[in-house]
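[1] have a look at this prediction, sequence included:
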Amino acid sequence: MLFPRAVLPSLLHLTPEWLRARGLKGVILDLDNTLLPYGEEEIPSDHRTWLEGLKAEMPVYLLSNALPERFARVQKALGLPGHAPALKPWLGFRKALRALELPPSQVAVVGDQIFTDVLGGNLVGAYTVLVPPLREREFFYTRFIRMLEAPFRKPRGGTA
């Protein structure tokens, strides 16, 4: 349950073509240190361009453990459905799947953390994709968890 199905070198490698080749038709996307640096509200321009291209091809749902006020500002700026706090890994994923109106086998869960994004996505049967965190700056608890994640930061079966 802790191994991702795929590990990509960057969020920008997750293209609509890559997703469709795996039978995926929607994306549940983490916010902090996946789409934008932890604690910030400004999305890097390359990520914004990537997201606009992805949104044009398939539905995207933001799922985050961020504070609701900050999440709402980012979500509004992006014009995406989503919710926070999602209480990942235990809650939030089923609500996201219902909103996407897709079965878990057709949805990629994309994030930078094993014990929230990958575990939660695997628990609902989605295709989990791990990307590296954007910045080293993170919530103090997350820095500790990163040490525990190290053995699981490779795809299940050893291939992407």
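    Received the coordinates, thanks.

[2] tell me the bridge partners for Gly111.
    Per DSSP bridges, the residues bridged to Gly111 are Leu130.

[3] list the contacts for it?
    Leu29, Asp30, Thr34, Asp117, Val118, Gly121, Val129, Leu130, Val131 (CB atoms under 8 Å, 6 or more residues apart in numbering). Backbone N, C-alpha and C define where each C-beta goes, glycine included.

[4] make it 10 Å
    4, 11, 28-35, 63-64, 88-89, 117-118, 120-121, 128-131, 133 (CB atoms under 10 Å, 6 or more residues apart in numbering).

[5] quick one: mean pLDDT over the helix ranked longest in the chain.
    Of all the segments of type helix in the chain, defined by DSSP state H, the longest one is helix 45-57. Average pLDDT, helix 45-57: 97.

[6] with stretch 78-97 instead?
    Here the average pLDDT along stretch 78-97 is 95.

[7] then stretch 103-121?
    96.

[8] off-centre distance for it?
    6 Å (CA atoms, centre = their mean, to the nearest Å).

[9] can you tell me which of the contacts of Gly111 are in helices?
    Short answer: those in helices (DSSP H) are Gly120, Gly121.

[10] surely Glu17 is in contact with Glu57?
    Yes: using CB atoms under 10 Å, Glu17 makes contact with Glu57 at a distance of 8.9 Å.

[11] for those two, indicate the residue with more neighbours.
    Glu57 (14 against 8; other CB atoms under 10 Å).

[12] ok, the closest residue to the more buried one other than its chain neighbours - how many residues close by?
    Of all residues not flanking Glu57 in the chain, Pro16 sits nearest, at 3.8 Å (CB to CB, 6 or more residues apart in numbering). Pro16 is flanked by 16 other residues according to other CB under 10 Å.

[13] please apply the same query to Arg20.
    By other CB under 10 Å, 12 other residues sit near Arg20.
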